[in-house]
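In: predicted model, plus sequence, below.
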Amino acid sequence: MTQKIKNQGILVSLFTAIFTYVFIVGVFPGYNFNIRINTFFCQASGQIDGLSKFFLIPLSIISVCAFLYSFYYFPESGHKKEWTITSIFFPLMTFAMVMIVLAKNLIMLLIFWEIMAVSAFFLLITEHKHHEVRDAAKLYIILTHFCTFLIFVASILIYKYTGSFDFPKAGSLDANTTLGIGIFIFTLLGFGIKAGILPLHIWLPSAHANAPSSVSAIMSGLMIKMGVYGIIRFLSFFNNPPLYWGLIIFAAGITSGIIGVVLAIGQHDIKRLLAYHSIENIGIILMGFGLGLAGMSTGNDIAMVLGFTGSIFHILNHATFKSLLFLGAGAIINASGTRQMDEMGGLGKKIPFTFGTFLIASASISGLPPFNGFVSELFIYLGMFAIISKSSLLPLNFLQLMGIPALALIGGLASACFLKVNSAVFMGSNPNLQNTPQSKFQEPFSLKISLGIPALICVSLGIFPYILKSPLEDAIYTITGHHFDLIRYFPFKELSMFIAIFYVLLIFGLLVFKLIFKNKIEYAEETWGCGYIKPNHKFRYTATSFAEIISGIFNFILNTHFHRKEVRGIFPERVYFKSHVPDVFLDNTILPFFKFLGNILSPIRKLQAGNLNLYLLYKLIAIVSLVIYGVILIW
Amino acid sequence: MVKILSLISILTAPVFIFSTIVKVKAFFAGRKGAPFFQPYYDLIKLFKKQITISKDTSIIFILGTIVTLTASIMTLLFIPIIANDSFFSFNGDIIFVAYMMALGRFFMVLAALDTGSSFEGMGSAREATFSMLSEPALFLALMAIVGKSGLISFENSFAQISPNLWMTSGIGFLLIAVALFIIILVENSRIPIDDPNTHLELTMIHEVMILDHSGPLLGIMEISALLKMFAFISIIVHVVFPFNFNNILANFLFYYFGMLTVAVVIGIIESTMARIKLKKIPTFQIIVVVLAGIGMFLTLE
């Protein structure tokens, strides 16, 4: 037992040390990192530049937090198998992601991309005894290979353009060629699957919901960001992206954002809900990136700088608060024994640390000041507002006319959704909790530290975003090839000052309140519940009822299925009510399509008869035809 | 001088607006109405009382109440009150203010939900839904207000709204003003969205959320609500009456005149209209979004 703990301790220290090292070399300016390895088929090379540096920040912090969290999530006893998987594939996946970010060569990128995708698959099926987990993993592995295939095509096209597998220099390719457009399409689709852009997101909700919480955290916080990284990196090769690229990405961002958050509101499963919020935030990131591209192609510097910065900043922010939310969700599920929010309640007093950090993350993800989500959204807002004053080009005006209300709506919906989550999970009283053993409510150090660090980042970046000024500038330099002084575009100083004023006022208010009214507070009774003698947790306003009006408004997207039995007669039978929100794209479009395809193509299945002789015949035919083809070629 | 007068307005104008609405409603009903300073008396009475809190609540209940008040105060730092002078201003303060209001609402709803009462859950769900729907309209209106001024702050934007601008793109601004006015009704729970005077839990939105707040906590909620209404009305006054007399006192008086007008209009609407059906409110709000969108497009030239 002690030996085991020691081993794991060593493992964690090594892990932390490596990532601290990467973090330091990555973030400290002036350090150049170059590797060039000659393999038998190509030269693999890697280098740290501004964009890689920026991505290393969340990679190094969040992966360590999520790994530490595994100690809480899979305690020593009884989780030997889970620990084996975690301790092999977790570091491997993180390592692969670091190498993806460092890669400057298409082959190297693809190799590590596969390592990342496959390690994620093994991490995802850690709890493979549940059939949902296996289904989710199956869907994931199919789509991730499709994703790799598309990226492969994009890479081949780049190779065809430049004649080398090395990354082309930023801004060296011409966008207005057939190859350029081809690269754009395959980049967007390929990396888009990994990023979870709607409607390519279909693998994402079930994978995030069924993985262990620590894995969901890095999947959502880091892995899907690799998709965004790929889009940003590949599109930065072009020197003159046409306006419609920006508009397409922006439109994809708006759709993902709004539909993602609407689908989130309809969910009953806390982790599925968070998964849909990842889609929403990818939407916000893409809105920023699309805005930046559109600004680039129209020569609107303000929109370009603010758009790109907002998008990249939001990547870091989303990595912190979303992984915090997933880790918190793990603790919640552990304490309540279910993933259904309607069954929870009253956990706030039992797991106060989780409650506090979860609340901070909820406010951040809703884009509320004084937390970090607000800062990156402010970048994007300012960029969109800047178009009004600088340009009267119609497509651009259209962009802001759609974009600003859309971002406002996304923020409003997200805050409504997280109000629902917080109230359903933490608030009110829940008599069921009395039967739960106290050990479920423990919050050990490994949990506290893995929740505390991201929460601290949320708060400190919200009050003092200036810390990130130079990493952000470097990242923008990598994308655009120009150096911009962000202080000219964004009110760092004023924002920090007013947020500080807000905190001062708040603390002052609390102190005054405490001083004056402390003796006047009386905790009298439980909340009035209409006089029922034995109320249960469902007497509160549940999560489903909280979202009822909103899901009614957006029913054209959600398409909720209701299963119910009405109350009838004088002595009514037992009644029930259930509702279920299918995924519009997966359940209503893609699965029926493949079913249809399967039916149509079933005659072809006869080729695969299970007869060995037949297969040998196929091989023979293949070889003979290849020989004939070769002979013709030589001729 | 301007700052002192602004401070005076912050301390008096919210109650002034509130009492004007009450008086107008009383006039229509043929009553005398409560004394003009009644809100002050009520607040003093509330602050003298004891606080009774449900055992089910956590620290969020008190924290949420204070955050709501702080957020309301923060918004007032940036909204110009007399002429175009606000206490502070920076590039982006319009968005900051809009999100501060959202923060206040977030914590108000959170405090209500903290009690675990299903009544307050009902009110909270409604508040969250309806304010979420008015967000796009608010931002469209703000876009029109920002217009072509380079810096995205209230001071700059209000400075460029002039009677001349109303001459050139009056229809657009009219639509924006109407949209803003309806947003005020929604955000401050007035008729036809919500009735601040009913006391049946099932029909209320804002009032039902503060059912479990008592004494000073209720007082703080009332103050935040008053300040919020004041902030919104200040914005609309600057859009509808964009006059600057270059004389502080004249501006000050004119500002109160604008406030009075808006308050009287609200009073008249409350006296002559009934509440909309709860289910119809979202449709109504989507119409407002469209209205604001068209208005915004017309102000683009």
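Out: Yes, it's here. Residues are numbered from 1 along each chain as shown, chains lettered A, B, ... in the order given.
In: can we go C-alpha only for contacts and neighbour counts from here?
Out: OK.
In: in this structure A:Met97 contacts A:Met116, no?
Out: Yes. Between A:Met97 and A:Met116 a contact is recorded at 6.4 Å, counting by Cα atoms under 8 Å.
In: name the residue of chain A that lies nearest to chain B.
Out: Distances between chain A and chain B by Cα to the nearest Cα are smallest at A:Gly428, namely 3.7 Å.
In: spatially nearest residue to that residue (excluding sequence neighbours)?
Out: Spatial nearest neighbour of A:Gly428, excluding adjacent residues (Cα to Cα, 6 or more residues apart in numbering or on different chains): B:Gly116 at 3.7 Å.
In: in this structure A:Phe234 contacts A:Leu188, no?
Out: No. Using Cα under 8 Å, A:Phe234 makes no contact with A:Leu188, being 9.3 Å away.
In: these two: which is more packed in?
Out: A count of neighbours by other Cα atoms under 10 Å in any protein chain shown puts A:Leu188 above the other of A:Phe234 and A:Leu188, at 26 against 22.
In: for the more buried one, what are its contacts?
Out: A:Ile231 (Cα atoms under 8 Å, 6 or more residues apart in numbering or on different chains).
In: can you tell me the average pLDDT over whichever strand or helix holds it?
Out: Under the criterion DSSP states H and E, the helix or strand holding A:Leu188 is helix A:178-195. Taken as a whole, helix A:178-195 carries a mean pLDDT of 93.
In: what's the answer for stretch B:159-170, then?
Out: 83.
In: C-alpha coordinates for that stretch, CSV please?
Out: In CSV, the C-alpha atoms belonging to stretch B:159-170 read as follows (Å, rounded to 0.1, in the frame of the first residue of the first chain):
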residue,chain,number,x,y,z
ALA,B,159,-21.8,62.9,-27.2
GLN,B,160,-22.4,62.0,-30.8
ILE,B,161,-26.2,61.6,-30.4
SER,B,162,-27.5,65.1,-31.2
PRO,B,163,-30.8,66.5,-32.4
ASN,B,164,-29.2,66.5,-35.9
LEU,B,165,-28.8,62.8,-35.8
TRP,B,166,-32.5,62.5,-35.0
MET,B,167,-33.2,64.6,-38.1
THR,B,168,-31.2,62.3,-40.4
SER,B,169,-32.0,58.9,-39.0
GLY,B,170,-34.9,59.6,-36.8
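In: which of the residues in that stretch are classified as buried?
Out: Judged by neighbour count using 16 or more other Cα atoms under 10 Å in any protein chain shown, the buried positions of stretch B:159-170 are B:Ala159, B:Gln160, B:Ile161, B:Ser162, B:Trp166, B:Gly170.
In: from those residues, which land in helices?
Out: Among the buried residues of stretch B:159-170, the residues falling in helices (DSSP state H) are B:Ala159, B:Gln160, B:Trp166, B:Gly170.
In: for the first one, give its distance to B:Ala250.
Out: Think B:Ala159. 17 Å (Cα to Cα, to the nearest Å).
In: just give me the neighbour total for A:Leu505.
Out: When neighbours are counted by other Cα under 10 Å, A:Leu505 comes out with 19.
In: wait, I meant A:Phe571
Out: A:Phe571: 7 neighbours (other Cα under 10 Å).
In: spit out the contact partners of it.
Out: By Cα under 8 Å, 6+ apart, A:Phe571 has no neighbours at all.
In: now the helices: where do they sit in the stretch 51-200 of chain B?
Out: Ranges of helices in the stretch 51-200 of chain B, per DSSP state H, counting those that start in this stretch, are B:60-78, B:93-113, B:118-146, B:154-160, B:163-168, B:170-187.
In: shaky segments in chain B?
Out: Along chain B, the parts satisfying pLDDT under 70 run over B:148, B:150, B:199-203, B:301.
In: same deal with chain A?
Out: A:1-44, A:76-77, A:388-394.
In: contacting residues for the closest residue to chain A within the stretch 1-150 of chain B?
Out: At 3.7 Å from chain A, B:Gly116 is the closest residue in the stretch 1-150 of chain B, using Cα to the nearest Cα. By Cα under 8 Å, 6+ apart, the contact list for B:Gly116 reads A:Ser423, A:Met427, A:Gly428, A:Ser429, A:Thr527, A:Arg540, A:Tyr541, B:Asp56, B:Thr57.
In: tell me which of these fall in helices.
Out: Going by DSSP H, the helices hold A:Ser423 from the contacts of B:Gly116.
In: what's the closest of the contacts of B:Gly116 to B:Thr70?
Out: Of all these, B:Thr70 sits closest to B:Thr57, with 20.8 Å by Cα to Cα.
In: the closest one reaches B:Ser117, doesn't it?
Out: No. With contacts counted by Cα under 8 Å, B:Thr57 stays clear of B:Ser117, the gap being 10.1 Å.
In: anything in contact with each of those two?
Out: Both B:Thr57 and B:Ser117 are in contact with A:Gly428, where contact means Cα under 8 Å, 6+ apart.
In: that older thread, what residues sit buried inside the helix holding A:Leu188?
Out: Neighbour-count burial for helix A:178-195, with 16+ other Cα under 10 Å as criterion, is recorded at A:179-184, A:186-195.
In: just want the angle from the helix or strand containing B:Ala263 to helix B:170-187.
Out: Assigning secondary structure by DSSP H and E places B:Ala263 in helix B:248-272. Interaxial angle, helix B:248-272 versus helix B:170-187 (axes from the mean of the first three to the mean of the last three Cα atoms, to 10 degrees): 70 degrees.
In: residues making contact with helix B:248-272?
Out: Contacts of helix B:248-272 (Cα under 8 Å, 6+ apart): B:2, B:5, B:13, B:17-18, B:20-25, B:28-29, B:81-83, B:190-192, B:233-234, B:237, B:241, B:244-245.
In: for the stretch 251-400 of chain A, what spans make up the helices?
Out: For the stretch 251-400 of chain A, applying DSSP H, counting those that start in this stretch gives helices covering A:270-298, A:301-336, A:352-365, A:372-390, A:394-426.
In: just checking, what packs against the fourth one?
Out: Counting contacts by 3 or more Cα pairs under 8 Å, 6 or more residues apart in numbering or on different chains; DSSP states H and E, helix A:372-390 is packed against helix A:270-298, helix A:301-336, helix A:352-365, helix A:394-426, helix A:445-463.
In: among those helices, which is the most enclosed?
Out: helix A:270-298 (a mean of 29; mean count of other Cα atoms under 10 Å in any protein chain shown).
In: packing partners of it?
Out: Packing contacts for helix A:270-298, counted by 3+ Cα pairs under 8 Å, 6+ apart, involve helix A:204-210, helix A:243-265, helix A:301-336, helix A:372-390, helix A:394-426.
In: for A:Lys578, helix, strand, or coil?
Out: Secondary structure, DSSP: H, G, I helix; E, B strand; the rest coil: A:Lys578 is strand.
In: for it, which non-adjacent residue is spatially closest?
Out: A:His563 (5.0 Å).
In: next, count neighbours for that neighbour.
Out: A:His563 - counted by other Cα under 10 Å - has 10 other residues nearby.
In: kindly report the same for B:Phe36.
Out: By other Cα under 10 Å, neighbour count at B:Phe36 equals 15.
In: need the helices of the stretch 51-200 of chain B in CSV with distance to B:Ala263, can you?
Out: Output for the helices of the stretch 51-200 of chain B, formatted as CSV (distance: least, Cα to Cα, whole Å):
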stretch, distance to B:Ala263
helix B:60-78, 19
helix B:93-113, 21
helix B:118-146, 20
helix B:154-160, 21
helix B:163-168, 22
helix B:170-187, 11
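In: make CSV from these and add distance to chain A to it.
Out: Written out in CSV, the entries for the helices of the stretch 51-200 of chain B read as follows (distance: least, Cα to the nearest Cα, whole Å):
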stretch, distance to chain A
helix B:60-78, 6
helix B:93-113, 6
helix B:118-146, 4
helix B:154-160, 11
helix B:163-168, 16
helix B:170-187, 13
